[in-house]
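**Q** Sharing a sequence plus its predicted fold:
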Amino acid sequence: MGKGKVDALLGIVFGDEGKGKIVDVFTPRYDIVARFAGGPNAGHTIIFGGKKFVLRSIPSGIFDEGKTNIIGNGCVIAPDLFMQEAKELEQAGYDLKSRLHISRRAHLILPTHRLLDRAYEAAKGKDKVGTTGKGIGPTYSDKASRTGLRVGDILNNFQGKYNMMKARHEQILHDLGFTGYDIRQEERLWMQGIEYMRQFPLTDTEIELGKALKEGKSVLAEGAQGTMLDIDHGTYPFVSSSNTVCGGVCTGLGVAPSSIGEVYGIFKAYSTRVGSGPFPVELLDETGDKIRETGHEYGAVTGRNRRCGWLDLVALRYAIMINGVTQLIMMKSDVLDDFAEIKVCTRYTKDGIVTDEMPYDTEGWNAVYETLPGWQTDLTQMTGESQFPKQLKDYIAFIEQATGTPITIVSVGPDRAQTIER
């Protein structure tokens, strides 16, 4: 952590790695925690003191009363879902309005964006991307086409702007033959969310961050999803709608590349993916089922089954390169406690071609594995690296050698206390 720097904490495969827990652990070391991309499609689960919280739009540093939390300009916000999430935290005793700032440049997810999301997915037939249905994609589409509504619009003739946007969406829905919907109740809650958001500091967060960095304050940028879901560098078209990589920190918060300090790449000891798209390491057998059940691999937002497989070093190396990762954080190591053997994908193969680099045409590739001995030891009670079994140390060393990047944190359970720094 450097003063006057922005350290990035990024999911570097397909998301769902446990970023929320690590942000929560790291927050005491930073002055500001900021989200730079995505919206309520992200679910960051934090468990401490016997309580469980799932954060969707709000940064995971919100539990520390002395820290400023920022929803940056690169994010998209659904006011009704934001209100629900924030009120749950307020009821649990957290004073959000004194510590959460929202960028006026962040874009708003309208109820009709969610309808468009469903309509576009339905129109794709068997080629569905597998979105969360939260309206994320259509909102970013409107942003790119320069027709979107932003948080700052709340403060000036908002109803007129909203009505124009709604009418435009309804015409598109009509043209798609997507009719028979009723969003009146949803719209009432959405407008309540707009009024609720007015109670928060709606600011030029990029200027706020610029001043903070100049004063020598430290910032932790909290990523959403993962590198392989990045709109440019992921397994397109089965990707998210925003830049989830380190470059997205600069555009999504308005900070200079020279401000970036450490880049923490967070990954699981195995692999998971939600939704459609290529996944060479997927295990469609009892082993995959065992990983899913042991790791409770169900989406924090959608509840969908996550597809499970062994660790994919091809994807991991690619993500480390794209992001300039300086330190790796390995999560959910304890999920592999009972396996006698653990496999690791080191290369891909297709039609007689073998590669250890991420291919452009990601469909149809098969994993080539190396097998390592499992540790068959309960890691959940361990409090230091000295207690690690030799097989786990060998597994860590294998990954470090293959990626050229140190693993500095190993998580051995869901609680914030089950986080071992090396």
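**A** That came in fine, so what should we check first? Numbering: from 1, shown residues only.
**Q** all strands for the stretch 301-422 of the chain, in order.
**A** Remark: strands assigned in the stretch 301-422 of the chain by DSSP state E, counting those that start in this stretch are 307-309, 311-312, 327-331, 341-350, 353-355, 366-373, 407-411, 419-421.
**Q** ok, for residue 89, nearest residue in space, not its chain neighbours?
**A** Once flanking residues are discounted, residue 89 sits nearest to residue 96: 5.9 Å by CB to CB, 6 or more residues apart in numbering. For the C-beta atoms, the positions are set from N, CA and C on the backbone; glycine is no exception.
**Q** scratch that, residue 354 is what I was asking about
**A** Distances taken as CB to CB, 6+ apart place residue 347 nearest to residue 354, at 5.5 Å, with adjacent residues excluded.
**Q** Flag every buried residue along stretch 365-380.
**A** 365, 367, 368, 372, 374, 375, 377, 379 (16 or more other CB atoms under 10 Å).
**Q** List of residues touching it?
**A** Stretch 365-380 has contacts (CB atoms under 8 Å, 6 or more residues apart in numbering) with 278, 280-281, 309-310, 312, 333-334, 336-350, 354, 359, 388-392, 394-395, 398, 412-413, 418.
**Q** Go ahead and confirm residue 356 touches residue 314.
**A** Yes - applying CB atoms under 8 Å as the test, residue 356 and residue 314 come out as touching, 6.1 Å apart.
**Q** So for these two, which sits in the more crowded spot?
**A** Using other CB atoms under 10 Å, the more surrounded residue of residue 356 and residue 314 is residue 314, with 21 against 14.
**Q** about what we covered before: shared neighbours of residue 356 and residue 314, anything?
**A** Jointly contacting residue 356 and residue 314 under the rule CB under 8 Å, 6+ apart are 346, 347, 348.
**Q** per-residue pLDDT, the second one?
**A** At residue 347, the model reports a pLDDT of 98.
**Q** All further residue positions should be reported with the first residue as 12.
**A** Right, with 12 as the first residue, what we last looked at is residue 358.
**Q** Report how many residues lie close to it.
**A** The local packing of residue 358 (other CB under 10 Å) involves 17 other residues.
**Q** repeat for the first one
**A** Other residues near residue 357 number 17, with proximity taken as other CB under 10 Å.
**Q** do the same with the last one
**A** Counted with other CB under 10 Å, the neighbours of residue 359 add up to 24.
**Q** Next, the contact list for it, please.
**A** Neighbouring residues of residue 359 by CB under 8 Å, 6+ apart: 291, 325, 365, 366, 367, 370, 376, 377, 378, 379.
**Q** Outside of the helix or strand where residue 174 lies itself, list whatever touches it.
**A** Residue 174 is part of helix 169-186, with elements assigned from DSSP states H and E. Where contact means CB under 8 Å, 6+ apart, the residues beyond helix 169-186 that reach it are 121, 123-124, 126-127, 130, 149, 153, 158-160, 164, 190, 192, 205.
**Q** among these, which ones are buried?
**A** Buried by 16+ other CB under 10 Å: 121, 123, 124, 126, 127, 130, 149, 153, 159, 160, 164, 205, out of the contacts of helix 169-186.
**Q** Which members of those occur in strands, if any?
**A** Residues of the buried ones among the contacts of helix 169-186 located in strands (DSSP state E): none.
**Q** before we move on, back to that, quick one: mean pLDDT for the helix holding residue 174?
**A** Across helix 169-186, pLDDT averages out at 94.
**Q** buried stuff in it?
**A** For helix 169-186, by 16+ other CB under 10 Å, it's 169, 173, 176, 177, 180, 181, 184.
**Q** can you tell me how far residue 56 sits from residue 395?
**A** 25 Å (CB to CB, to the nearest Å).
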